[in-house]
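In: sequence unknown, structure follows:
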């Protein structure tokens, strides 16, 4: 695990597109990941907000780490399909939690769409619990859950 480097925005964008492709047509509203551009990613990389998982010189996963007032928000968390179930996701999540500790945070948060029940269970097995059910603008009821882990 390492921070994404200047000049890697195109590569991070490819990882995101591959990691989230399976959700096209499954998420309503659609994932905002497909609105990302190399330019938007370059700005996050410059702010040191993108962690990547690399193997054999190829990026296989990424996670965005955004400092908030009382927690580190972990978003755009994804691993390309052929590297899932390899431990890459767990390593990325551990790296994000380590980043939170380095920054002095005692908790991390992330959001999971309600239709992605298996993903929610994945985070629960790693110590995350639901703290709030939230609704995307324009929708009548909850569409995602915010989950939190208290870091020890």
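Out: Everything's here; your move. Only a predicted model underlies this, so the values are computations on that prediction, with no experimental measurement involved.
In: make it CA atoms for all contacts and neighbour counts henceforth
Out: Will do.
In: show me what contacts residue 97?
Out: By CA atoms under 8 Å, 6 or more residues apart in numbering, the contact list for residue 97 reads 108, 151.
In: following the longest helix anywhere in the chain, which helix or strand shows up next?
Out: Selection of the longest helix in the chain by residue count, based on DSSP state H, yields helix 88-102. Next helix or strand after helix 88-102 toward the C-terminus (DSSP states H and E): strand 107-113.
In: hang on, the earlier thing: which positions in the longest helix of the chain come out as buried?
Out: 88, 89, 92, 93, 95, 96, 97, 99, 100, 101 (16 or more other CA atoms under 10 Å).
In: Let me have those in JSON lines, extended by pLDDT and distance to residue 80.
Out: Listed next are the buried residues of helix 88-102 as JSON lines, based on pLDDT from 0 to 100; distance: CA to CA, whole Å:
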{"residue": "88", "pLDDT": "92", "distance to residue 80": "10"}
{"residue": "89", "pLDDT": "92", "distance to residue 80": "10"}
{"residue": "92", "pLDDT": "95", "distance to residue 80": "13"}
{"residue": "93", "pLDDT": "96", "distance to residue 80": "15"}
{"residue": "95", "pLDDT": "96", "distance to residue 80": "17"}
{"residue": "96", "pLDDT": "97", "distance to residue 80": "18"}
{"residue": "97", "pLDDT": "98", "distance to residue 80": "21"}
{"residue": "99", "pLDDT": "96", "distance to residue 80": "22"}
{"residue": "100", "pLDDT": "97", "distance to residue 80": "24"}
{"residue": "101", "pLDDT": "97", "distance to residue 80": "26"}
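In: per-residue confidence at residue 152?
Out: Predicted confidence (pLDDT) for residue 152: 80.
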